[in-house]
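In: Got a sequence here, can you build the structure:
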Amino acid sequence: MIELLAPAGDLEKLKIALLYGADAVFIGGEDFSLRARASNFTPEDIIQATTFAHERGKKVYVTTNIIPHHEDMHGLLEYLQILESANVDAIISASPYIIDTALRHTNLEVHLSTQQSTTNARAVNFWYEHGVKRIVLARELDKYQIRKIKQKTKADLEVFIHGGMCMSFSGRCSLSNNMTDRDANRGGCAHSCRWNYDLMQNNQKLSETPFSMSSKDLEALKQIPHLIDSGITSLKIEGRMKSLHYIATVVSTYRRLIDDYLKYGVINDFQIYSNELDKAENRLASHGFLEGMPGVNQQLYDQRNERPTQLFIGLVVAYDDSHKIATIEQRNYFEVNDEVEIFHPNGLVEPFKVVSMTDEQGEPLSVARHPKQIIQMRIPFAVEPYAMLRKR
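Out: A predicted model of the protein is given here:
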């Protein structure tokens, strides 16, 4: 069975990802991870994460994927032993030294990070023979190259299918380090490629339109059947710093697509899944390298259109079935008489109308305008914790 792998920036996001259909999650600890600004997991959090996942037959991988300088190596073995005792299912690493340390001194399973730029079967076999069980392939491969690599290797292969795309080769960028003294390869990326620049020639602007080096985000809906048929082990969604609603929507959509293809052997209409992804996306998307060398249509340049979606308006905390009353944690503005829907963890969507709501003290509300406010409302059908309330 092919694995759907999702990001998780904190425990709440981890639970959402697993409940909405991910088979495994990848998280960052407090050390040796490339997302310094993410809500990285403490050792105690990691134990909670693995317990929650393993109770549901799912897995947790921890990123130890920085490109370390000498001063970054302090405490490595102790940290790896903490991860081992927490029963994590694997670590994801790019540094040969981190990999060697894990393989020599722990029983941790090791996955090779995409930052090793693995683009051919010989490199895959080298790492596999070294003891690395899974290779996260470079994002610069097309789907036909990926299939050929699989045919010539024994290692498990993991492929990115959705999320942000670094404009640099396998994420090894120096822009941020040079321009802001924040090292992208040690967890501090300032996303300098997404800034607006003036294009100059002979001290003259070539255009009044700002220029950006960033690519569109990756969206591989149409490539999923090919990747499944190629024997890929894991399909990876990127985005540990994304919102709960983004994670739930993207994971649920790919879960449904994968299951539909495995069940029916064909996908006749990808637009159904694309429409669902649009409810969470705030950046333009394309297929990246999966269909060959990207052209102009895979770049953003002056097309940036980032905008937060406000469809996600509440998270279900509890439900009283006898009185049909749900306790909701508010996330965005909504009013009585709004047409809304419940987005269930199993992917089911059920619409209803907000006819009344109260605060925690039972005082009537006409508007929910305070983030994280606890609200009670009547919902005519059963809902479960972590189901989401969305505007229609």
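
In: going forward, measure contacts and count neighbours with C-alpha atoms only.
Out: OK.

In: Surely T358 touches M377?
Out: Yes. Assessed by C-alpha atoms under 8 Å, T358 is found in contact with M377 at 6.6 Å.

In: Quickly list what's touching both of those two.
Out: Among the neighbours of T358, none is also in contact with M377 (C-alpha atoms under 8 Å, 6 or more residues apart in numbering).

In: For E339, which non-adjacent residue is spatially closest?
Out: K353 (4.7 Å; C-alpha to C-alpha, 6 or more residues apart in numbering).

In: ugh, wrong one, I meant S95
Out: With C-alpha to C-alpha, 6+ apart as the criterion, S95 has its nearest non-adjacent residue at 6.0 Å, and that residue is I67.

In: for the stretch 101-250 of the chain, what are the low-confidence residue spans?
Out: Along the stretch 101-250 of the chain, segments meeting pLDDT under 70 span 170-171, 183-188.

In: Which parts of it are strands?
Out: Remark: strands assigned in the stretch 101-250 of the chain by DSSP state E, counting those that start in this stretch are 110-112, 134-136, 156-163, 200-201, 204-205, 217-219, 234-237.

In: partners of the first one, with directions?
Out: Yep, that's strand 110-112 we're talking about. In the sheet, strand 110-112 lines up against strand 90-93 (parallel), strand 134-136 (parallel) (DSSP bridges).

In: how far does that strand sit from the chain's center?
Out: Average the C-alpha atoms of strand 110-112, do the same for its chain, and the two points are 18 Å apart (C-alpha atoms, centre = their mean, to the nearest Å).

In: likewise the longest one?
Out: For strand 156-163, the distance from its own C-alpha centre to the chain's C-alpha centre is 11 Å (C-alpha atoms, centre = their mean).

In: Is the residue nearest to S95 within a helix or a strand, and which one?
Out: Per DSSP states H and E, I67 falls between elements, in no helix or strand.

In: and it, how far is that from S192?
Out: 19 Å (C-alpha to C-alpha, to the nearest Å).

In: Those two: which has the busier surroundings?
Out: The neighbour comparison of I67 against S192 (other C-alpha atoms under 10 Å) goes to I67, with 23 against 20.

In: Can you verify my assumption that that one contacts I98?
Out: No. With contact defined as C-alpha under 8 Å, I67 does not reach I98; the gap is 9.6 Å.

In: isn't G28 right up against V60?
Out: No. Look at G28 against V60 with C-alpha under 8 Å: they stay out of range, at 10.3 Å.

In: the more surrounded of those two?
Out: The neighbour comparison of G28 against V60 (other C-alpha under 10 Å) goes to G28, with 28 against 25.

In: Reduced to three states, what does that one come out as?
Out: Following DSSP: H, G, I helix; E, B strand; the rest coil, G28 is assigned to strand.

In: thinking again about what came up before, dump the strands of the stretch 101-250 of the chain into CSV; add mean neighbour count and distance to E341 as well.
Out: CSV is the format used below for those (neighbours: other C-alpha atoms under 10 Å; distance: least, C-alpha to C-alpha, whole Å):
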stretch, mean neighbour count, distance to E341
strand 110-112, 27, 39
strand 134-136, 25, 37
strand 156-163, 23, 25
strand 200-201, 9, 50
strand 204-205, 10, 49
strand 217-219, 24, 25
strand 234-237, 24, 25
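
In: So for T118, which of these sits nearest?
Out: Closest approach to T118 among the strands of the stretch 101-250 of the chain is made by strand 134-136 (7.6 Å; C-alpha to C-alpha).

In: Provide the contact partners of the closest one at residue level.
Out: 110-114, 118, 124, 127-128, 155-159.

In: buried ones in whichever helix in the chain runs longest?
Out: Determined from DSSP state H, the single longest helix within the chain is helix 244-264. With burial defined by 16 or more other C-alpha atoms under 10 Å, the residues of helix 244-264 counted as buried are 244-255, 257-258, 262.

In: So for K58, what's the pLDDT?
Out: pLDDT recorded at K58 is 98.

In: In this structure it contacts D23, no?
Out: Yes. If you go by C-alpha under 8 Å, K58 and D23 touch, sitting 5.3 Å apart.

In: Could you say which helix or strand holds the nearest residue to H105 once chain neighbours are set aside?
Out: Spatial nearest neighbour of H105, chain neighbours left out: L77 (7.8 Å); criterion: C-alpha to C-alpha, 6+ apart. For L77, the element it lies in under DSSP H and E is helix 76-85.

In: Now that helix: buried residues?
Out: Quick answer for helix 76-85 (16+ other C-alpha under 10 Å): 76, 79-84.

In: ok, back up a step: what's the longest helix of the chain in contact with?
Out: For helix 244-264, using C-alpha under 8 Å, 6+ apart, the contacting residues are 4, 6-7, 12-13, 16-17, 20-22, 221, 224-225, 237, 239, 266-267, 273, 276-277, 279-281, 312, 345-347, 388.

In: Strand 156-163 and that one, what's the angle between them?
Out: 130 degrees (axes from the mean of the first three to the mean of the last three C-alpha atoms, to 10 degrees).

In: now helix 244-264, how far from the centre of its chain.
Out: Worked out by C-alpha atoms, centre = their mean, helix 244-264 lies 13 Å from the chain centre.

In: And stretch 103-112, by the same measure?
Out: 24 Å.

In: buried residues in it?
Out: Buried, per 16+ other C-alpha under 10 Å, within stretch 103-112: 103, 108-112.

In: I'd like the strands paired with strand 110-112 as TSV, with distance to T50 appended.
Out: Output for the strands paired with strand 110-112, formatted as TSV (distance: least, C-alpha to C-alpha, whole Å):
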stretch	distance to T50
strand 90-93	11
strand 134-136	20
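
In: what about K13, how many neighbours?
Out: Neighbours around K13, by other C-alpha under 10 Å: 24.

In: on that earlier part again, can you say which of the contacts of helix 244-264 are buried?
Out: Among these, those buried by neighbour count (16+ other C-alpha under 10 Å) are 4, 6-7, 13, 16-17, 20-22, 221, 224-225, 237, 239, 273, 277, 279-281, 312, 345, 347, 388.
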